[in-house]
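Colleague: show me how the following folds:
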Amino acid sequence: MIERENIKKQSIIGLIWKFIEKAGTQVISFIVQIILARILIPEDYGLIGYLTIFITLSEVFIQQGFTTALIQKSNISELDFSSVFYINIIISIIIYVICFWSAPFVSRFYNVPELISVMRVLMISVVIGAFSAVQTAIISRTLDFKKSLYRGLLNIIIYGSIGIILAFQGFGVWSLVYARLVGALAGCIVLWIVVDWRPKMCFSIKRIKILFNYSSKLLGANIFSTFFSNISTIVIGKVYSSIALGYFQRGQSIPQTIMTSIDGSISEVMYPTFSLLQNEKVTLKSALRRTIKLSIFIVLPILVGLLVVSEDLTILLLTEKWLPSVPYMKVMCIYCSLWPFNALTHAMNALGESGLTFKLLLISNIICLCIMVALIRYGVIWIIVGSIISSVIYYYMIMRYVKQFLEYSLLELMKDILEEVIISLLMGGVVWMIGRIISNLYFRFIIQVFIGIIIYFFMCLIFKLESLYYFYDLLKRRR
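Modeller: This is a model prediction of the structure:
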């Protein structure tokens, strides 16, 4: 058992490096996507959107299957690592073969002939990812996220360079496909260089079965969660069009980019940290509370501000051709504001209750699907509304068990984040009123962003917000 202070120190260092990786890659990705969105048309993004569910589900099998067990299991051996490496490759090849032969059926389902070749080429990235999944697990297990920084930065730089060059050359949707493949290959090579591990010529089906017992319930929960969270792309693509799907994808991209770079960094570090603290419930509860408060403190004001300035931001960055994506962006800001509560799921999984979280996710996703079916005829935006409702129901259900296992109640949770929520909403209100006064687009946007930042931190200082001082202390410890 790693000593508590050592765990805390590793978590802080890991969080800093993970945030640098996520923030760095997402900033570059954001710039790349702006350039690509100005060149490409909504239909190009819609074609990739049709295949999102296949890509994400495949990645769940590889990145969150046996590799999750490598992170959580306390005693691990070289035989475990090598066995998972080979089984991941086998699974990825099986997945690719299934996708290759099912491509014509997918194409006929959407009535889009181009999907056959796009799907067959794009899904090669799943096989590439399988070759570095164990290295990713080793980084998470040791909290050595500095190494994943190199992979992330090189991946997005190469992806962006290839994508932009091909887009300018008129490759259309293929600029996105080829860029993804080359970027994935570059990231895989980097991980093989920076992680000092190589697979041995050994394999044990017995070890695979043991690891599967660790990860099967969590894998099942992630599969269902990923499927239901991406089923909207199937419904929109089938009921509406690739253009509508392109606007939907673009509308959710900026809020998701923010959450991936910030809250995603916190989540990826805290899951292995929670696993290390699974036998110290008092410490685990404290870590859980601080994780949620810190995440809300950072992401909520950004999402509130984005919701207020979303229309101006879209015009400035993406041009007016993407204005139909603004309503989706606004509702996605509300949906993404719930992401910090995923820490509750990580804590329960770290306690070995992945079966319970799977059941709760299944219930909430079925509710989400029912809401989606009932409301889809009223417009695409109601799909996101259904996701918000089902997420609230899920977090309410899981809080009952968090209270049982960690003595952390819903009332305590609400008290923990109340100040952050109030200050964020007050800031958003002021920024919105400023937008009603100033007419010039460029000047209005600059003033809103500047005033929003000043007001938020000024109110944090006035109310002596605990999260502000903890965030400052976290940065100071890194030095």
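
Colleague: can I get the helix or strand harbouring L181 in PDB? Just the C-alpha atoms.
Modeller: Element membership for L181 (DSSP states H and E) is helix 173-194. What follows is helix 173-194, C-alpha atoms only, in PDB (Å, rounded to 0.1, in the frame of the first residue of the first chain):
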ATOM      1  CA  VAL A 173     -14.400  13.900 -45.400                       C
ATOM      2  CA  TRP A 174     -11.200  11.900 -46.300                       C
ATOM      3  CA  SER A 175      -9.100  14.600 -44.800                       C
ATOM      4  CA  LEU A 176     -10.600  13.700 -41.400                       C
ATOM      5  CA  VAL A 177     -10.200  10.000 -42.000                       C
ATOM      6  CA  TYR A 178      -6.600  10.000 -43.000                       C
ATOM      7  CA  ALA A 179      -5.700  12.500 -40.300                       C
ATOM      8  CA  ARG A 180      -7.200  10.300 -37.600                       C
ATOM      9  CA  LEU A 181      -5.200   7.200 -38.800                       C
ATOM     10  CA  VAL A 182      -1.900   9.000 -39.100                       C
ATOM     11  CA  GLY A 183      -2.400  10.700 -35.700                       C
ATOM     12  CA  ALA A 184      -3.300   7.400 -34.000                       C
ATOM     13  CA  LEU A 185      -0.200   5.700 -35.400                       C
ATOM     14  CA  ALA A 186       2.100   8.600 -34.300                       C
ATOM     15  CA  GLY A 187       0.600   8.500 -30.700                       C
ATOM     16  CA  CYS A 188       1.100   4.700 -30.600                       C
ATOM     17  CA  ILE A 189       4.800   5.000 -31.600                       C
ATOM     18  CA  VAL A 190       5.400   7.700 -29.000                       C
ATOM     19  CA  LEU A 191       4.000   5.500 -26.200                       C
ATOM     20  CA  TRP A 192       6.300   2.700 -27.200                       C
ATOM     21  CA  ILE A 193       9.200   5.100 -26.900                       C
ATOM     22  CA  VAL A 194       8.400   6.700 -23.600                       C
END
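
Colleague: ranges for the helices of the stretch 51-200 of the chain?
Modeller: 52-63, 66-72, 78-110, 115-122, 124-130, 133-142, 146-168, 173-194 (DSSP state H, counting those that start in this stretch).

Colleague: lowest-pLDDT helix or strand in this protein?
Modeller: helix 263-276 (a mean of 56; mean pLDDT, DSSP states H and E).

Colleague: if you count neighbours, what's buried in the next helix or strand along the chain from that helix?
Modeller: Next along the chain after helix 263-276, taking DSSP H and E as the criterion, comes helix 281-318. The neighbour-count check on helix 281-318 (16 or more other CB atoms under 10 Å) flags 284-285, 287-315, 317-318 as buried. Bear in mind the C-beta positions are built from the backbone N, C-alpha and C, glycine included.

Colleague: show the average pLDDT along helix 281-318.
Modeller: Average pLDDT, helix 281-318: 86.

Colleague: name the next helix or strand downstream of that helix, please.
Modeller: Trace forward from helix 281-318 with DSSP H and E and the next one is helix 326-336.

Colleague: CA atoms only for that next one, dumped as CSV, please.
Modeller: Output of helix 326-336 as CSV, limited to C-alpha atoms (Å, rounded to 0.1, in the frame of the first residue of the first chain):
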residue,chain,number,x,y,z
VAL,A,326,-25.8,27.3,-31.6
PRO,A,327,-28.9,25.9,-29.9
TYR,A,328,-27.2,22.6,-29.5
MET,A,329,-24.1,24.2,-28.0
LYS,A,330,-26.2,26.0,-25.4
VAL,A,331,-28.1,22.9,-24.2
MET,A,332,-24.8,20.9,-24.3
CYS,A,333,-23.3,23.4,-21.9
ILE,A,334,-26.1,22.5,-19.4
TYR,A,335,-25.5,18.8,-20.0
CYS,A,336,-21.7,19.0,-19.7
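
Colleague: any idea of the angle the next helix or strand after that helix forms with helix 281-318?
Modeller: Proceeding N to C from helix 326-336, the next assigned helix or strand is helix 342-350, under DSSP H and E. Taking axes from the mean of the first three to the mean of the last three CA atoms, to 10 degrees, one finds helix 342-350 and helix 281-318 inclined to each other by 140 degrees.

Colleague: report the inter-axis angle for whatever helix or strand comes next after helix 342-350 versus helix 342-350.
Modeller: Downstream of helix 342-350, the next assigned helix or strand under DSSP H and E is helix 354-375. Computed with the same axes, to 10 degrees, the direction of helix 354-375 lies at 140 degrees from that of helix 342-350.

Colleague: and the gap between L413 and Q135?
Modeller: 36 Å (CB to CB, to the nearest Å).

Colleague: so for these two, which sits in the more crowded spot?
Modeller: The neighbour count for L413 versus Q135, taken as other CB atoms under 10 Å, is higher for Q135 (25 against 20).

Colleague: surely Y178 meets A167?
Modeller: No. The pair Y178 and A167 does not pass the contact test of CB atoms under 8 Å, sitting 10.4 Å apart.

Colleague: neighbour count: these two, which is higher?
Modeller: A167 (23 against 18).

Colleague: S92 and L411, how far apart?
Modeller: S92 is 45 Å from L411, by CB to CB.

Colleague: same thing with C460?
Modeller: 23 Å.

Colleague: neighbour count: the two, which is higher?
Modeller: Between C460 and L411, C460 has the larger neighbour count (other CB under 10 Å), namely 21 against 10.

Colleague: helix or strand: which one has the more buried one?
Modeller: helix 441-462.

Colleague: other SSEs contacting that helix?
Modeller: helix 281-318, helix 410-437, helix 466-478 (3 or more CB pairs under 8 Å, 6 or more residues apart in numbering; DSSP states H and E).

Colleague: make it 6 Å
Modeller: helix 281-318, helix 410-437 (3 or more CB pairs under 6 Å, 6 or more residues apart in numbering; DSSP states H and E).

Colleague: for the last one, give the mean pLDDT please.
Modeller: When the per-residue pLDDT values of helix 410-437 are averaged, the result is 92.

Colleague: that one to helix 281-318, inter-axis angle?
Modeller: Going by the same axes, to 10 degrees, helix 410-437 makes 20 degrees with helix 281-318.

Colleague: who are the packing partners of helix 410-437?
Modeller: By 3+ CB pairs under 6 Å, 6+ apart, helix 410-437 packs against helix 281-318, helix 441-462.

Colleague: which residue packs closest to N365, ignoring adjacent ones?
Modeller: Among residues not flanking N365 along the chain, F228 sits closest, at 3.6 Å (CB to CB, 6 or more residues apart in numbering).

Colleague: what strand or helix carries the one you found?
Modeller: Using DSSP H and E, the element containing F228 is helix 205-239.

Colleague: contacting residues around the spatially closest residue to S77 that is not a sequence neighbour?
Modeller: Distance criterion CB to CB, 6+ apart; nearest residue to S77, sequence neighbours excluded, is R207 at 7.8 Å. Contact analysis of R207 by CB atoms under 6 Å, 6 or more residues apart in numbering lists L79, D80, S83.
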